[in-house]
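Asks: Using only what follows, build the 3D model:
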Amino acid sequence: MLIVLDGIKLRVAEEELSNPARPSRARGNRQTAKTVLPSLSNPARATFSTGAGPDVHGVTNNGKFYPPPVQSLFSIAKQHGVPVAVFGSDFWSRAFGEYLDPSHVREFNKEQHEIDDPETLIAWQNSTCDEMIPFLAAQPKGLLIAGLTAADEAGHDWGGKSEQYESVARAVDACLGRVVQALDDGDTTFVIASDHGHIQRRGHGGHGGSEGRNQRPVAAGRQSDQARPRDGLATRHRTYHRGLARPTHPSEQSRDDSV
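Replies: Residues are numbered from 1 along each chain as shown. Below is the predicted model:
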C-alpha cells in the first residue's frame, strides 16, 4: 500500500508525526530522500508510480499533462492481474486511468477544502478519513493507493512554519494511524512518503530549496527490509516495487516526445 502524505515537511515528519516513526522502528525502515524537481505533487506522484523522473515520465506540473508513456506500478499490476484500488485526488485517473477500474477508484476534489480556518480543514480531513478506511478495507488484496492532502492546503494558506499547518499535520497523522491500524493484516507492506515539503511562508514553491525537497519515506511490513531509499525518489523504483513485479529501471525507459 502506497500512502502519499501531501505537503508534509521533513521536520514535521521527524519531530511532530508519531505514526510514521513507529512502524519503521518496529518492522521497517525510514530514511531521507529528495523529491523531484519541480517539487510539485503530480510530478512526484508520477515518479512514485513509474520510478522515472519528470524528464522521462513527462508530468512536469499540477495542471495539464499527458499520461506517462512509460512502465508504471499500474501497468505492471494490470499485466500480472493484480487488483488496484485508489482513494485520492483525480491525478491517479488522469495519469493512469487506462489501468484502473472506475468501480475501485474514489476521488475527492481538493478544491473542496480551500477554506479559511484550520478547524474546518481538520474536519474535512477527518471526514475523508472516515470514507477512506471502509472503502479501502473492502478492496481485494493487491495494490492500494491513498492520498492524505489537508496539510498541503494548510502549507499553501498559512505557511510551513505556522501553527495552523502544524495542527492540520497532526490531523493527517491521526488519519494515517487509523488507516494503517485498519488495514494492517500482517501481510501488507506500507510505503508512506510525502510528495514534497513546504516553504516557511504561505504561497507556492516547487522549484528548489532543501526545505521543500528533503522527505522522510517510510517502509513497514512484509518486504520492507528490501525498501531502502537512496538519493532520490526515482532510485526507489526497483526496491519498493518488488512485491508487485520487477519493473524496467527508469534509466532504461524512454519518453516519446511526440506524446
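
Asks: so Tyr66 makes contact with Thr60?
Replies: No: Tyr66 is beyond contact range of Thr60, at 10.4 Å (criterion: C-beta atoms under 8 Å). For the C-beta atoms, the positions are set from N, CA and C on the backbone; glycine is no exception.

Asks: shared neighbours of these two, anything?
Replies: Counting by C-beta atoms under 8 Å, 6 or more residues apart in numbering, Tyr66 and Thr60 have no common neighbour.

Asks: residue ranges of the strands in the protein, please?
Replies: In the chain, strands defined by DSSP state E lie at 2-5, 28-30, 33-34, 84-88, 105-107, 143-148, 190-194, 214-215, 218-220, listed in chain order.

Asks: In terms of mean pLDDT, which of those ranks lowest?
Replies: For these, mean pLDDT drops lowest on strand 214-215, to a mean of 52.

Asks: what ranges of the stretch 1-150 of the chain fall below the confidence cut-off?
Replies: By pLDDT under 70, the low-scoring segments of the stretch 1-150 of the chain are 10-28, 109-115.

Asks: 80 - rerun?
Replies: Per-residue confidence of the stretch 1-150 of the chain (counting by pLDDT under 80) places the weak regions at 9-33, 109-116.

Asks: what about Thr189, neighbour count?
Replies: Residues near Thr189, counting by other C-beta atoms under 10 Å, number 19.

Asks: could we number from 19 for the rest of this?
Replies: OK, 19 is where the count begins now, so the last one is Thr207.

Asks: got the phi/psi numbers for it?
Replies: phi -90, psi 130 (degrees, to the nearest 10).

Asks: Distance of it relative to Arg63?
Replies: Separation of Thr207 from Arg63 (C-beta to C-beta, to the nearest Å): 19 Å.
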